[in-house]
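Asker: turn this into a structure:
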Amino acid sequence: MSAERDRAALRALLDGSRLSGPPDERQGYLDVLGDEDQQPGTLAQLAMRSGVVASIYQRGWRQGLNLAMGVGGLSAEQERRYALRRLELRGGERVLDVACGPGNFSHVFAEALTGELLVVGLDNSRPMLARAVAGNLVPKLAYLRADARAMPCAGASFDAVCCDAALYLAPEPFTILVEMLRVLAPGGRIALMTSYRGSWQPQRLARGLAGYASGIRMFERDELTGILRASGLTDIHQEIRGITQFVNARKRNGSAS
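Answerer: Reported below is the predicted structural model:
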């Protein structure tokens, strides 16, 4: 019973003081939100709660984002392998995939693990997690429905934390980033992929207007790297690809942030 064992391993990572009650496991994932989660406030956030979008996510939504990266863009498979390298996964890490959607990255991370370690895919969308459990549930992987702004996990629970193509949809992205750093263990790696507003003024104007209309936040070049630097992270690396930016860094050993 690999799935039951993996859910038990996930329960062991939860901080009871951050829970309002026992998680609901009836859907094949741990649900700590029930019906208390915040309703989507933008068109983009509403799309992520849609069963239709969940069903076409990899074939439609993510392919469009890959094209937006431009000439230097990555295919979906290349992007997942790139995330593995940016997190420096060698098989001996406990991994958190924030805003995991249908689990397209989570299962790749889990397949890279050795021993009795675990990947946790976290999302607040029931349709996305239903797709994840149906199509991307492998050994050493468990899914968690929770609010990324107030994760129920204990501090320093994970050796690697990833958030790919989601921060630009979140109503409080910097709160989520702080939470990601809280649950990241000293010496651990964080990898982010999000939007980039650009440096050329007409480009900035066009992307800003498109983002405003859709509810997608366009991040400046120094916003995320600045927070990571101020939080004491090291080995900060940023790569711009079209409308997207890839950022990764390491949490300093001994850091409690």
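Asker: could you confirm Thr175 falls within a helix?
Answerer: Yes. Looking at Thr175 with DSSP: H, G, I helix; E, B strand; the rest coil, it is inside a helix.
Asker: my read: Ala154 touches Ser17, true?
Answerer: No. Applying C-beta atoms under 8 Å, one finds Ala154 not in contact with Ser17, separated by 9.2 Å. In this view, the C-beta of every residue, glycine as well, is placed from N, C-alpha and C.
Asker: which one of the two has more residues nearby?
Answerer: Ala154 (16 against 7; other C-beta atoms under 10 Å).
Asker: for the closest residue to Ala110 other than its chain neighbours, name its beta-bridge partners.
Answerer: With sequence-adjacent residues excluded and distances taken as C-beta to C-beta, 6 or more residues apart in numbering, Ala110 is closest to Leu141, at 3.8 Å. Under the criterion DSSP bridges, Leu141 forms beta bridges with Val119.
Asker: from memory Leu141 sits against Phe105, does it?
Answerer: No. Counting by C-beta under 8 Å, Leu141 does not reach Phe105; the two are 10.7 Å apart.
Asker: joint contacts of the two?
Answerer: Residues touching both Leu141 and Phe105 (C-beta atoms under 8 Å, 6 or more residues apart in numbering) are Gly121.
Asker: what is the neighbour count of Glu4?
Answerer: Using other C-beta under 10 Å: Glu4 sits among 10 other residues.
Asker: wait, a helix at it?
Answerer: Yes. According to three-state DSSP, Glu4 belongs to a helix.
Asker: show the model's pLDDT score for it.
Answerer: At Glu4, the model reports a pLDDT of 95.
Asker: how near is it to Glu25?
Answerer: 9 Å (C-beta to C-beta, to the nearest Å).
Asker: likewise for Asp159?
Answerer: 25 Å.
Asker: of those two, which one has the most company?
Answerer: More neighbours surround Asp159 than the other of Asp159 and Glu25, with 21 against 16 (other C-beta under 10 Å).
Asker: so when I look at that one, I'm seeing a helix, right?
Answerer: No. Going by three-state DSSP, the assignment for Asp159 is strand, not a helix.
Asker: OK, contacts around Gly103?
Answerer: By C-beta under 8 Å, 6+ apart, the contact set of Gly103 is 97, 121, 131-133, 135-137, 141, 143.
Asker: list only buried entries from those residues.
Answerer: When those are checked for burial by 16 or more other C-beta atoms under 10 Å, the buried set is 97, 121, 131-133, 136-137, 141, 143.
Asker: just those residues now: which is nearest Leu30?
Answerer: Tyr143 (7.2 Å; C-beta to C-beta).
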